[in-house]
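Visitor: coordinates only, sequence not included:
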């Protein structure tokens, strides 16, 4: 099952890989702790920097940033009541009250422990689920890939957050962007004679625009208004490691949230933000005293933090095996894989098994290292959020432009990044989530290409008939029908939930 | 002190004049090879190997610059608009480049004639493979079956890719009804073949040279190499001429990658590059490095190279209707 895993250790125990791992963990924590910088944005910005690196070190660094940033976000949530990333919005509710009660270090310790457990479980899930799934993917033909892509697209509606219409709008826009360039049968679509986009709109510049440049503009617009930086710094107090009794009591909850997080991670597009709310909800439902949530109780910190870090490894499962990102951060990681010539699929586990397993095992190490680093320096991370935003904005803007050019050395990509930055800015201003655009830009062309291949493979029968002759296809069609009704269900659930707990904060999208 | 600085500056400027006056021999600076494909792929590897050995025999730094976009035409355009001083060269693939401009919907107005085609370097012959449990033991079996019913052969590229052209050529020569699979890349074509969703896969020696004898999950049976001579990387596979199919005698297919430059490349420079490549061609290190990466080396220089590209273009022009490019 794990052919080639022994070679992975040789790749993992190199200075390059170790350095990538360390920089990823520390850098990710800083990115996460900075309000306004999320894992998705950090990775989108850093992919071009990995260009000249060894693929193992590069992917490992990006994966480490992912998990570490999700954890780092909780520290700002706990200490200054501002989620460092959207994944930690749920942690604010109980994390900050704990700080007010003088238990800030205790809360950070809980978040660290829960994040490490969530992350480790998700890495183990990745190691155990991905290889057999990759093998199973050999059984998938174009018909199945087409349906999987459609399945992913149906989830856009359920991930849209507050307004399904806005989510669908973003998804439809992403689909249109995905159509640009040569069609599978060789006709140039929507290029308007502009040759640099004959090959389509590149993902990396589009994502840099949507996630980074739009964020720069939003921050710039808020200049002068009160920002998180001016919030009073909390006193660091309490003990870091949770008392043994409390920890043992929390273990079942942490484990359960981790498993749920992994599943949410596997679902295309659903990321850490959703998982953290689901985790918190789970904790509440199980608690004998649900009314205590929001007053600063340990379970309110541990549950969302275990769930959001568990998402990270889960999101990598469909990414590595099928090329379908499990979250918007994973979508950005897909760009990182492809610039290193690593095409998701079965070959990642055969031809490139050494790199893939090195990344997976390294990811496990990253989650453990994250705990150690968090234990050592976590409490000082609030200092990071004191970096003045006027200094940060130009740096991010510069990196965005450089990054969009560096990936393919095509100046048209810089224009794309800027245009998508403007689009992202206005969309976010009007509450339209940008994550569905990226998901649709990946899944749209995938559906397009596999439908074309499927029509040819159907050969003498029609494509629809072909779908019904394949048991796996029928299975996926059933899944799609279920997914189409999921938004209705989740709407009912979240309405009930919101009635109980107030508004769901503005963590509609995982950026 | 100021005087001293001034004198030093004057001297420096004088030095500059000296440099302007004397005409230095090419090359006296770094050479860049533009690769219009992404880093890490087969094209990039070929370009980097070429750069390494040009460096060895020209004695200057030769680097590869991956400029993607526009279905490779952003990079090609950069090569075409370079100065003819030989410091900016390019890497091109065939028939990919030809398909790029023959397809009218791409709007590319250039042709291979707009380049100085220096040398064809990598020659990767086409092959046809099937699953190990396939009923087609030989190419003849597959052709016979293809005459009776429409069978799909997966291809690592759409209309105009070498795999696609090969399948269409089979139909032309033998009257078979094969359908090219239209898969966007070799990975998809391989998945379709291994998954049993198509009858066979058209691809190249480099795709399977390392694994074609494997017995694991990715075991395959190679039916034929579409080349005039036995392939060093697959010595036990029959060439198309040995398959005993009369209609297919002399049907050669390949994906080729070569070094190109802008049209007005200096003639002396051209000769020097050709000389350097001729030395590399005989270098055992170069041959070994190429073989390790599955690259067959079959150097064709200048006129011979043009002749080869022209042959490919003629074949493809005869298929425009087939491609839907009329």
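Guide: Cool, got the structure. Everything quoted here is computed from the prediction, not taken from an experiment.

Visitor: Where does pLDDT dip in the stretch 101-250 of chain A?
Guide: A:157-162, A:224-238 (pLDDT under 70).

Visitor: Residues of it that sit close to chain B?
Guide: A:135, A:137-142, A:181-182, A:184-188, A:191, A:193, A:195-199, A:202 (C-beta under 8 Å from any C-beta of the partner chain). Heads up, the C-betas are built off the backbone N, CA and C, glycines and all.

Visitor: Next up, the contacts around the residue of the stretch 251-400 of chain A found nearest chain B.
Guide: In the stretch 251-400 of chain A, the residue that lies nearest chain B is residue A:341 (2.9 Å; C-beta to the nearest C-beta). Residue A:341 sits next to A:55, B:38-41 when contact means C-beta atoms under 8 Å, 6 or more residues apart in numbering or on different chains.

Visitor: of those residues, buried ones?
Guide: Among the contacts of residue A:341, those scoring as buried are A:55, B:38-40 (criterion: 16 or more other C-beta atoms under 10 Å in any protein chain shown).

Visitor: Now for residue A:419, how many residues are close by?
Guide: Applying other C-beta atoms under 10 Å in any protein chain shown, we find 15 residues neighbouring residue A:419.

Visitor: same thing with the one 5 residues further on?
Guide: Other residues near residue A:424 number 27, with proximity taken as other C-beta under 10 Å.

Visitor: Return the per-residue confidence for it.
Guide: Residue A:424 is assigned 94 on the pLDDT scale.

Visitor: Could you pull up the contacting residues of the residue lying closest to it once chain neighbours are set aside?
Guide: Closest residue to residue A:424 apart from its sequence neighbours, by C-beta to C-beta, 6 or more residues apart in numbering or on different chains: residue A:214 at 3.1 Å. By C-beta under 8 Å, 6+ apart, the contact list for residue A:214 reads A:420-425, A:427-428, A:434.

Visitor: give me every residue that touches the spatially most central residue of chain A.
Guide: With distances taken as C-alpha atoms, centre = their mean, residue A:329 lies nearest the centre of chain A, 3.0 Å away. The neighbourhood of residue A:329, defined by C-beta under 8 Å, 6+ apart, consists of A:38-40, A:43, A:66, A:271-272, A:312, A:315, A:510.

Visitor: mind running it again at 10 Å?
Guide: Residues in contact with residue A:329 (C-beta atoms under 10 Å, 6 or more residues apart in numbering or on different chains) are A:38-44, A:62-63, A:65-67, A:69-70, A:85, A:87, A:211, A:265, A:271-272, A:311-312, A:315-316, A:319, A:435, A:510-511.

Visitor: per-residue confidence for it?
Guide: Turning to residue A:329, the model gives it a pLDDT of 88.

Visitor: What is the neighbour count of the closest residue to residue A:183 other than its chain neighbours?
Guide: Counting by C-beta to C-beta, 6+ apart, residue A:183 lies nearest to residue A:189, which is 5.4 Å off, once chain neighbours are set aside. Look at residue A:189: counted by other C-beta under 10 Å, it has 14 neighbours.

Visitor: From chain A, how far out is residue B:202?
Guide: Distance of residue B:202 to chain A, given as C-beta to the nearest C-beta, to the nearest Å: 13 Å.

Visitor: what bridges to that residue?
Guide: When assigned by DSSP bridges, residue B:202 has beta-bridge partners residue B:128, residue B:155.

Visitor: from memory it sits against residue B:253, does it?
Guide: Yes - counting by C-beta atoms under 10 Å, residue B:202 touches residue B:253, with 8.2 Å between them.

Visitor: if I look at the two, which residues touch both of them?
Guide: With C-beta under 10 Å, 6+ apart, residue B:202 and residue B:253 have common neighbours B:126-128, B:162-163, B:165-167, B:170, B:226.

Visitor: Out of those residues, which two sit at the greatest distance?
Guide: B:127 and B:165 (13.9 Å; C-beta to C-beta).

Visitor: the more surrounded of the two?
Guide: Ranked by neighbour count (other C-beta under 10 Å), residue B:127 and residue B:165 place residue B:127 first, with 29 against 26.

Visitor: rewinding a little: list only buried entries from the shared contacts of residue B:202 and residue B:253.
Guide: Neighbour counting by 16+ other C-beta under 10 Å classes B:126-128, B:162-163, B:165-167, B:170, B:226 among these as buried.

Visitor: quick one: which of those residues is nearest residue A:171?
Guide: Checking those one by one against residue A:171 (C-beta to C-beta), the nearest turns out to be residue B:163, at 33.9 Å.

Visitor: follow-up on the earlier one: make a markdown table out of the buried ones among the contacts of residue A:341 and add pLDDT, distance to residue A:287 and secondary structure.
Guide: Converted to a markdown table, these look like this (pLDDT from 0 to 100; distance: C-beta to C-beta, whole Å; DSSP: H, G, I helix; E, B strand; the rest coil):
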| residue | pLDDT | distance to residue A:287 | secondary structure |
| --- | --- | --- | --- |
| A:55 | 89 | 45 | helix |
| B:38 | 81 | 52 | coil |
| B:39 | 76 | 52 | coil |
| B:40 | 73 | 51 | coil |
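
Visitor: can you tell me which residue is nearest the centre of chain B?
Guide: Closest-to-mean residue, chain B, C-alpha atoms, centre = their mean: residue B:257 / 2.4 Å.

Visitor: if I look at the residue of chain B found nearest chain A, how far off is residue A:66?
Guide: Taking C-beta to the nearest C-beta as the measure, chain B has residue B:40 as its residue closest to chain A, at 2.9 Å. For residue B:40, the distance to residue A:66 equals 22 Å [C-beta to C-beta, to the nearest Å].

Visitor: hmm, back to that, so if I had to pick from residue B:202 and residue B:253, which one is more boxed in?
Guide: Applying other C-beta under 10 Å to residue B:202 and residue B:253 shows that residue B:202 carries more neighbours, namely 30 against 25.

Visitor: Okay then, goodbye and thanks.
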